[in-house]
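*Asks:* with the sequence up front, the predicted model follows.
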Amino acid sequence: MTISTGNPPPGAMDDPRRDARRFGTAGSSDLLPSDSPVQLVDPDGVHRHDDRYPLPDGDSLRSAYARLIAGRRINDQANALVRQGRLAVYPSSHGQEACQVAAAVVLDKNDWLFPTYRDTVAVISRGVEPLQVLTLLRGDWHSGYDPYEHNTAPQATPLATQLLHAVGVAHAAKLKGEDTVVLAMCGDGATSEGDFHEALNFAAVFHVPVVFFVQNNEYAISVPLASQSVAPSLAHKAIGYGMPGERVDGNDLAALLSVLGAAVDRAREGHGPSLVEAHTYRMQAHTNADDATRYRTEEDVQKWVPRDPIARMRTYLRGLNLLDDAAEAGFAADAEDIAAAMRDGLNTDVEPDPQELFNHVYTRRTPQLIEQANLLRDELSRQA
Ligand SMILES: Cc1ncc(C[n+]2csc(CCOP(=O)(O)OP(=O)(O)O)c2C)c(N)n1
Ligand SMILES: [Mg+2]
């Protein structure tokens, strides 16, 4: 990127180290992440104190826990709908639900979320109707929801492209003097993309209010993290751009809420971008089109079962009497309602008009599109 004016871009002279305190101070720079992922509730459901990151209050954790339950149910139901031929494909976030929920919960209504194909549960946690989200994966239309209704961009399949769009939205918000924060999600594999580099560099130089949230689930389809990057951690990449990076236990809902919340706060307060890496694990295959047994063993997967995000939060909340049988039954019933709506909606056959294919390509149809539309109409009329 070349800056052609002689003047520094707005905000470039601000010192990003100024408010990096909550992002760890170990090592040679305040921009470096903690030596190990931040954890506030361990896999046994025990609170681990951290001076820098306060534990969210019980009510917040309880309502976020209800979303975890819904998220797991959504993943299970979507997998079943794939097997029934009702969805073409589903990239499951089973095991990553805490990341999904936290990404949505830390944002205000006017903020923006930029999700990937794996972030269906985050999009639903943001308030988008499950059926509208899943129509994309049924292949009905380009995307089944209006991004402006919930300030949630379409789920991006081309890796890391959404990071550039997110930075653009954050830059525009800053220029307009709004206090909007943008949270952009990506996977570990996506951090190897050129778009990742360009997005982070632009965000840091122009000091824009964006949080890059990397879900490191240890795999990019069949490529393990060790073959993807030899950086000490993905969060360490932040210092190369001059922004703070932090690492967090991606199966710890409390830590995610606290660390992502701090990153969103600092962006909103005008202190610029940051990078948060969540250490988690993709418990299921990349999608139903993938056979994960060809590149990892069942023992590898089993190691992550005791670190499940739902189990530990349940133990923690139960231990404090913030969760009882009645509340759990209520959360499960709400999750079941969502699953039932998914089944009802996706089991209903739609008959899209084939001509819609040409409707939203350009504002006005090109001669080629008109020709193709006529060809299709002719072809279909002869079949009728
Ligand atoms: C630009 C681009 N290159 C390649 C692909 C094919 N592809 C789809 S998903 C994927 C793996 C991505 O891994 P990661 O970023 O770790 O995300 P995860 O699937 O683990 O959530 C690849 C290589 C793509 N979608 N886009
Ligand atoms: Mg991955």
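*Replies:* Okay, I see it. Ligands and ions are numbered 1, 2, ... in the order given.

*Asks:* going by C-alpha atoms from here, please, whenever you check contacts or count neighbours.
*Replies:* Noted.

*Asks:* for the residue in the stretch 251-384 of the chain that ligand 1 sits nearest to, what are its contacts?
*Replies:* Residue of the stretch 251-384 of the chain nearest ligand 1, by CA to the nearest ligand atom: His286 (6.0 Å). With contact taken as CA atoms under 8 Å, 6 or more residues apart in numbering, His286 is in contact with 91-92, 220-221, 292.

*Asks:* let me know the closest of those residues to ligand 1.
*Replies:* In terms of CA to the nearest ligand atom, no member of these lies closer to ligand 1 than Ala220, at 3.2 Å.

*Asks:* does that closest one touch Cys186 like I think?
*Replies:* No: in this structure Ala220 lies outside contact range of Cys186 using CA atoms under 8 Å: 11.0 Å.

*Asks:* more neighbours: the two, which one.
*Replies:* Neighbours per residue, other CA atoms under 10 Å: of Ala220 and Cys186, the larger number sits with Cys186, 26 against 17.

*Asks:* the more buried one falls within a helix, correct?
*Replies:* No: going by DSSP: H, G, I helix; E, B strand; the rest coil, the assignment for Cys186 is strand, not a helix.

*Asks:* dig out what it forms beta bridges with.
*Replies:* Val214 (DSSP bridges).

*Asks:* doesn't Val211 make contact with it?
*Replies:* No: using CA under 8 Å as the test, Cys186 is too far from Val211 to be in contact (11.0 Å).

*Asks:* what does stretch 304-313 contact?
*Replies:* Contacts for stretch 304-313 (CA under 8 Å, 6+ apart): 41-45, 65, 68-69, 95-98, 251-253, 281, 283.

*Asks:* mind redoing it with 6 Å?
*Replies:* With contacts defined as CA atoms under 6 Å, 6 or more residues apart in numbering, stretch 304-313 is touched by 43-45, 251-252.

*Asks:* residues of the helix or strand where Ala333 lies that come out buried?
*Replies:* Per DSSP states H and E: Ala333 is located in helix 325-346. For helix 325-346, burial by neighbour count (16 or more other CA atoms under 10 Å) applies to 331-332, 334-336, 338-339, 342-343, 345-346.

*Asks:* with stretch 40-60 instead?
*Replies:* Neighbour counts using 16+ other CA under 10 Å place 40-43, 45, 53, 55-56, 58 of stretch 40-60 among the buried residues.

*Asks:* can you get me the start-to-end distance on it?
*Replies:* 14 Å (CA to CA, to the nearest Å).

*Asks:* distance between that stretch and the chain's centre?
*Replies:* Distance, stretch centre to chain centre, for stretch 40-60: 22 Å (CA atoms, centre = their mean, to the nearest Å).

*Asks:* can you check stretch 172-183 too?
*Replies:* Distance, centroid of stretch 172-183 to centroid of chain: 19 Å (CA atoms, centre = their mean).

*Asks:* show me what counts as buried in it.
*Replies:* Across stretch 172-183, burial judged by 16+ other CA under 10 Å covers 173-174, 179-183.

*Asks:* who in this structure is up against ligand 1?
*Replies:* Residues of the chain found near ligand 1 (CA under 6 Å from any ligand atom) are 118, 157-159, 186-190, 217, 219-221, 286.

*Asks:* make it 5 Å
*Replies:* Proximity of the chain to ligand 1, by CA under 5 Å from any ligand atom, involves residues 157-159, 187-190, 220-221.

*Asks:* and the residues you listed, which are buried?
*Replies:* Buried residues within those, counting neighbours by 16+ other CA under 10 Å: 159, 187-190, 220.

*Asks:* including distance to Gln228 and pLDDT, could those residues go into a markdown table?
*Replies:* Listed next are these as a markdown table, based on distance: CA to CA, whole Å; pLDDT from 0 to 100:
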| residue | distance to Gln228 | pLDDT |
| --- | --- | --- |
| Leu159 | 14 | 98 |
| Gly187 | 11 | 98 |
| Asp188 | 8 | 98 |
| Gly189 | 7 | 98 |
| Ala190 | 10 | 98 |
| Ala220 | 8 | 98 |
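
*Asks:* what number of residues lie near Arg382?
*Replies:* 8.

*Asks:* wasn't it part of a helix?
*Replies:* Yes: membership of Arg382 in a helix is supported by three-state DSSP.

*Asks:* show me where the stretch 1-150 of the chain has its helices.
*Replies:* Along the stretch 1-150 of the chain, the segments classed as helices by DSSP state H, counting those that start in this stretch run 58-83, 97-105, 120-125, 130-138.

*Asks:* tell me which of the ones you listed sits most buried.
*Replies:* helix 97-105 (a mean of 28; mean count of other CA atoms under 10 Å).

*Asks:* which strands and helices sit next to it?
*Replies:* helix 120-125 (3 or more CA pairs under 6 Å, 6 or more residues apart in numbering; DSSP states H and E).

*Asks:* the helix it packs on - contacts with which helices or strands?
*Replies:* Secondary elements touching helix 120-125 (3+ CA pairs under 6 Å, 6+ apart): helix 97-105.

*Asks:* run the last query once more with 8 Å
*Replies:* With contacts defined as 3 or more CA pairs under 8 Å, 6 or more residues apart in numbering; DSSP states H and E, helix 120-125 has these neighbours: helix 58-83, helix 97-105, helix 130-138.

*Asks:* now distance to Pro33 and mean pLDDT too, for those, in JSON lines please.
*Replies:* Formatted as JSON lines, those follow (distance: least, CA to CA, whole Å; pLDDT from 0 to 100):
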{"stretch": "helix 58-83", "distance to Pro33": "25", "mean pLDDT": "98"}
{"stretch": "helix 97-105", "distance to Pro33": "18", "mean pLDDT": "98"}
{"stretch": "helix 130-138", "distance to Pro33": "34", "mean pLDDT": "91"}
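
*Asks:* and His150, what does it touch?
*Replies:* Counting by CA under 8 Å, 6+ apart, His150 touches 109, 126-128.

*Asks:* repeat that for 7 Å
*Replies:* Taking CA atoms under 7 Å, 6 or more residues apart in numbering as the contact definition, His150 lies against 126-128.
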